[in-house]
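K.L.:
Turn this into a model:
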Amino acid sequence: REPVGSILWVLCVCAQVALGRAGLCTVPSPVSWTDISIAQPVGGLSMGLTPVGQPTLPSRPLWAGRAGDPPSWPRDCSEVPAGSPSGPYIIQPVGLHPIMVSCEMSEADGGWTVIQRNRQDTDITWAESWSTYKHGFGNVHTEFWLGTEYIHHITRQKIYQVRFVIWDAANNMRFADYNLFSLDDESQGYRLRLGAHSGTAEDAMDSDNPRKVHNNMKFSTKDRDQDTYRGNCASRYGGGWWYSACYSVQLNVKGGLTWGSLCKGNCRASAILIKPIPYH
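P.N.:
Predicted coordinates for the structure are as follows:
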């Protein structure tokens, strides 16, 4: 897209905030940075939506950088100040335009960037194209996929960990942590890279069964088959994922969420959270 003016860009961001969509506005030049929210929530999950006609844009910057430089957006949710509420925020990963994400600020010391959220009775079909999965879809206030391209950009910045949060059929919350998480770029099929497992949910992403493993698999959608199955797992099962032939985990699907033996097609809900590993 062609760059838009500062005021129009702010209105674009506000409109997407109200709609709960990931930001796709092109960054203008120059920008009146004092008029744009930085490292502030843009409407919490329990606060409802901000009307587009009455934007409330906080003005406190995250940091100012060098003298004369404009303030910077946080690169991920780990750079949002501790103690901030959970909810949608605007971030700008290195090499990418600002995007809206959901930040989880209370779970396990906070600072998590949420890249996926789904529930059993979702309104989203999840049977989307490669391009749609690439750029993301859904509503950050409810269910969404952040976008494989955006996830790749975020995980290029630092060394990340991931937490898969699963609500089982009895609505008990379980989690599976992997101490490394990254996606290769699009030319490599957004291949998934996971580290060592821990947590209260089984290691279903790195199954011993080569037909159901997800670690080191490329991402597949209904129109781009990169799995190891003779058919197309995404077309057959209804959602984009890191399939082999085909799965032990499927969270990007309408109705039949699965995590290994914990809940086979009857998980109540899921979320995928990432943040940089701590340095000591």
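K.L.:
so where's the stretch 51-200 of the chain uncertain?
P.N.:
Across the stretch 51-200 of the chain, the ranges flagged by pLDDT under 70 are 51-71.
K.L.:
need the helices for it, in chain order.
P.N.:
Counting by DSSP state H, counting those that start in this stretch, the stretch 51-200 of the chain has helices at residues 130-135, 148-157.
K.L.:
With distance to Gly111 and mean neighbour count as added columns, please give those in a markdown table.
P.N.:
Glycine gets a C-beta too; all of them are placed from N, C-alpha and C. Output for the helices of the stretch 51-200 of the chain, formatted as a markdown table (distance: least, CB to CB, whole Å; neighbours: other CB atoms under 10 Å):
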| stretch | distance to Gly111 | mean neighbour count |
| --- | --- | --- |
| helix 130-135 | 24 | 19 |
| helix 148-157 | 13 | 22 |
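K.L.:
Compare those and give me the one nearest Tyr229.
P.N.:
Closest approach to Tyr229 among those is made by helix 130-135 (16.9 Å; CB to CB).
K.L.:
Tell me how far the closest one lies from the chain's centre.
P.N.:
Taking CA atoms, centre = their mean, to the nearest Å, one finds helix 130-135 lying 13 Å from the centre of the chain it belongs to.
K.L.:
Dump stretch 129-136 to PDB, restricted to CA.
P.N.:
Extracted as PDB, the C-alpha positions of stretch 129-136 are listed here (Å, rounded to 0.1, in the frame of the first residue of the first chain):
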ATOM      1  CA  SER A 129      -5.700 -19.900   2.500                       C
ATOM      2  CA  TRP A 130      -2.000 -19.700   2.800                       C
ATOM      3  CA  SER A 131      -2.100 -15.900   2.300                       C
ATOM      4  CA  THR A 132      -4.700 -15.500   5.000                       C
ATOM      5  CA  TYR A 133      -2.700 -17.600   7.500                       C
ATOM      6  CA  LYS A 134       0.400 -15.600   6.500                       C
ATOM      7  CA  HIS A 135      -1.100 -12.200   7.400                       C
ATOM      8  CA  GLY A 136      -3.400 -13.400  10.200                       C
END
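K.L.:
distance between that stretch and the chain's centre?
P.N.:
Relative to its chain's centre, stretch 129-136 lies at 13 Å (CA atoms, centre = their mean).
K.L.:
surely Met205 meets Gly195?
P.N.:
No - checked against CB atoms under 8 Å, the pair Met205 and Gly195 is beyond contact range at 10.6 Å.
K.L.:
tell me, what's touching those two both at once?
P.N.:
Jointly contacting Met205 and Gly195 under the rule CB atoms under 8 Å, 6 or more residues apart in numbering are Tyr178.
K.L.:
before we move on, back to that, would you format the helices of the stretch 51-200 of the chain as CSV with distance to Leu262 included?
P.N.:
What follows is those, written out as CSV (distance: least, CB to CB, whole Å):
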stretch, distance to Leu262
helix 130-135, 25
helix 148-157, 24
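K.L.:
For Glu104, find the nearest of those.
P.N.:
With CB to CB, the closest approach to Glu104 among the helices of the stretch 51-200 of the chain belongs to helix 148-157: 14.3 Å.
K.L.:
And for that closest one, what's in contact with it?
P.N.:
The contact list for helix 148-157 (CB under 8 Å, 6+ apart) reads 22, 75-76, 93-96, 99, 113, 115, 133-136, 160, 181-186, 190, 219, 274, 276.
K.L.:
same thing but at 7 Å, please
P.N.:
Here helix 148-157 makes contact (CB atoms under 7 Å, 6 or more residues apart in numbering) with 75-76, 93-96, 99, 113, 115, 133-136, 181-183, 185-186, 190, 219, 274.
K.L.:
can you check stretch 169-177 too?
P.N.:
With CB under 7 Å, 6+ apart as the test, stretch 169-177 has contacts from 161, 163-168, 197-201, 203, 262-263, 266-268.
K.L.:
try stretch 210-221
P.N.:
Contacts to stretch 210-221, defined as CB under 7 Å, 6+ apart, come from residues 128-130, 133, 148, 189-194, 205-207, 226-227, 233-234, 240-245, 247-249.
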